[in-house]
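Q: predicted coordinates and the sequence they were generated for:
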Amino acid sequence: MLRRWVAAAAAILAACLAAAILGCFFYTRGVARRTRDHCAGYADRAAASITQQMQDTERVAHDLKGALESGRLTPDRAQAEVARALEKAPAILLRMGILFRPGTVGQGLLGPCAERVDRGVRACPHETHDDCSAQPWFQPEPWRQGWAEPEIVHEGGLRVVYGEPFRLPGASAPSGIIRLYVAMEGIQALVDRLELGHTGYGFLLSAKGVFLADPRDELVHERRTIRQEADESQDPGRRRLAAMVQRKEGGFAECVSGVTGQRTWVFLTRLPALDWSLGLVYIKDDLSLAPPWRHWMEALEVTLALSLTLCLIFLAFQGHDLAPANLWRIVAASSTAILAATGVMFWIVDTLPSATHRDEFKVVDLAGLERFQELNRTRRVGTGQAALTFVPTGVSLQTLEVAGPGLMKMTGQIWQRFPRGIPREQRGIVFPEATAGEAVLGDERVEGDSVIQYYPFRVTVRVDREAEARYPFDRTRIRLRIWPRRFLDPRLPVPDLDAYVLPTPKALPGVDPEIDLPGWDVEAAEFSYALETYNTNFGAKAFPGQRDTPELLYNVTLKRRFVSPFIVAFLPVLAVAVLLFTLVLTVSQLSDRVKATGYTYLNFLRTTIALFFSLVVAQFNIRARVVADGVIMLEWSYFIMYGAIIAVSVNALAFAVKDLALLRYDDNAVAKFAFWPALLGCLYLNAIMYLL
């Protein structure tokens, strides 16, 4: 009867665990679905934002058309009106003009236009220098309102043109067409200023799927299509995107990023008013599918699955049958399950994204940079306020080298863009946290009204010591803290995001792709600001910003290649565990077994002492590699083994001097059966500590 009750209880527990696992599964899927819906909703809002900005540009043509068709604007006054309209138009509109059909107004071709120049607007007598009347786009038959496909201009650049035909009063056929010219750089700027979060980026496609904007400039300048990209990459996700564009619809696809090479979620949204398509790309691994408590959820799911597996093993092998052969089968299967769960837990630890530093303001896109500048226009100086001058600053990292425990050597180049006229002695940067090395004043280059100053550097900095507590699954951060050399002046370095193909962390902005750091992988790079508070005014009563002073940081995140240190760290633990189990098997009072093994308690104690000191030496070797305060998580495995050595020693002593039924049962069978499940269970709990 008791055996039936035990079996029934195990079956009920297994059913409850299965239900809990299903609940966690559906809850996690619900969180992922809500995250996906949130991204899709933001894609719709981003599409509406771009549509609105482009329609503001179209409105310039609408106003001119209304003035021409109502008679308020006559052709002889068109040139001056075009120039005035361009002055008030959005900045992305670089050129605009009106082409009258030959014969509509006098003889010849009339095409008044205006274009932006360095310091204003210049009116031109002709919309184009060539006779465009023979061009296919100028014939009245194909005239239509809307944006055309990208075209190449004489200077070798690219532009996209908006056309809007009009009829003069009394005309029965189109009298001409208004044309607006937008450079592709202007279209790219619209997409770059979308606030896409920590890992996102966007691209824009024309009606025929031609790239109008993308972090990879070559796609735009070569006028490539999404179909060509799909065919070359053999990516099914991109093929689905190409099919959506062809069908003029939006949707969702999972792709491989052409920029970072990672799995991504791509949300394609139609812009019907423009006949374009906007794509927002999010790196799948870095999406917060289950925000701060994701680690807890992962640990709970694996633990529930392990508990269900142990219940099923108990039922499958009839755990209520206490025959030794049956118990050994249960122990072997259970130990294998616990070991597998520990491996899964370590895999999760290795693949989960690193935690973010919430006390910093991350700058990963132009929208975030503009928001930061808006919040930090001034800085307190004494009892007043001083306007800050923003100095675009970029970093190019060429080499990384481990300089010692907790130290990293970096070499590369930093540049800053100053207005012309800033003396060289007022330029310069320092690294306040560098333990060695500095940046030197290098070459300069003049571009227009600005001067680009370069600073080659070679410095040694400390890595994040707190992260090493998770050795060998640690991700450490190298923080390059950048001060202006004249930091008492109200100048603030800001990231020169325009200098990078894609400034999001996974694209590794500024990191040389050929960097090979033995034992480490470069996982991310980003700019951020830390708000620092000083307990001194550096001897200047008018020191600008003693409290909450924003300081520019360039952060590089490194992920340790865990295989080699994992083997070195856990091999002694595994070896000692196996040897300790063989010692437990020798504990016996049966004369034939004692004769075969030579077991005595003193021999047992000598062996356990030797195992103890071998573990101590292995632990000290790890401590020599890792610079961390307190106990690192890996050391708990050694503490567990120390506890196991003490436990089996106490068991052997009690077995020798005490006449207890539990110890004497089947010649110390309880300790032998419990050894691996108990030891591996403790190691599994140690694996959970890495997540929590």
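A: All right, it came through fine.
Q: looking at the residue nearest to residue 436 when sequence neighbours are not counted now. What's its pLDDT?
A: Nearest non-adjacent residue to residue 436, counting by CB to CB, 6 or more residues apart in numbering: residue 460, 4.2 Å away. C-beta coordinates here come from the backbone N, C-alpha and C atoms, glycine included. pLDDT recorded at residue 460 is 92.
Q: quick check: bridge partners of residue 460?
A: Beta bridges link residue 460 to residue 409, residue 436, judged by DSSP bridges.
Q: that one and residue 492, how far apart?
A: With distances taken as CB to CB, to the nearest Å, residue 460 is found 26 Å from residue 492.
Q: residue 458 - that's part of a helix, no?
A: No: using DSSP: H, G, I helix; E, B strand; the rest coil, the assignment for residue 458 is strand, not a helix.
Q: contact partners for it?
A: 409, 410, 411, 437 (CB atoms under 8 Å, 6 or more residues apart in numbering).
Q: ditto for residue 497
A: 192, 363, 365, 366, 369, 503, 509, 527.
Q: do you know how far it is from residue 526?
A: Distance from residue 497 to residue 526, by CB to CB: 11 Å.
Q: mind listing the shared neighbours of these two?
A: 363, 503, 509.
Q: out of those residues, which are inside strands?
A: Judged by DSSP state E, the shared contacts of residue 497 and residue 526 include residue 363 as members of strands.
Q: quick check, nearest of the shared contacts of residue 497 and residue 526 to residue 159?
A: Nearest to residue 159, judged by CB to CB, of the shared contacts of residue 497 and residue 526 is residue 503 at 25.1 Å.
Q: angles on the backbone of that closest one, please.
A: Main-chain dihedrals, residue 503, degrees, to the nearest 10: phi -80, psi 10.
Q: quick one: it from residue 391, how far?
A: Distance from residue 503 to residue 391, by CB to CB: 17 Å.
Q: for residue 685, same thing?
A: 51 Å.
Q: quick one: which of these two has more around it?
A: residue 391 (20 against 14; other CB atoms under 10 Å).
Q: does the more buried one touch residue 491 like I think?
A: Yes: Residue 391 is within contact range of residue 491, at 5.5 Å (criterion: CB atoms under 8 Å).
Q: mind listing the shared neighbours of these two?
A: Between them, residue 391 and residue 491 share the contacting residues residue 484, judged by CB under 8 Å, 6+ apart.
Q: so which bits of stretch 304-323 are buried?
A: Buried positions in stretch 304-323, judged by neighbour count with 16 or more other CB atoms under 10 Å: 304-315, 317, 319.
Q: now do stretch 682-692
A: Across stretch 682-692, burial judged by 16+ other CB under 10 Å covers 682, 683, 684, 686, 687, 688, 690, 691.
Q: equivalent analysis for stretch 273-285, please.
A: Quick answer for stretch 273-285 (16+ other CB under 10 Å): 274, 276, 277, 278, 279, 280, 281, 282, 283, 284.
Q: dump it to CSV, restricted to CA.
A: Extracted C-alpha coordinates of stretch 273-285, given in CSV (Å, rounded to 0.1, in the frame of the first residue of the first chain):
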residue,chain,number,x,y,z
ALA,A,273,1.8,58.4,-49.1
LEU,A,274,5.4,58.2,-50.4
ASP,A,275,5.2,54.7,-52.0
TRP,A,276,8.3,53.8,-49.9
SER,A,277,9.0,51.1,-47.3
LEU,A,278,10.8,51.6,-44.0
GLY,A,279,12.6,48.7,-42.3
LEU,A,280,13.5,48.7,-38.6
VAL,A,281,16.1,46.1,-37.6
TYR,A,282,16.5,44.8,-34.0
ILE,A,283,19.3,42.4,-33.0
LYS,A,284,17.3,39.5,-31.6
ASP,A,285,19.8,38.4,-28.9
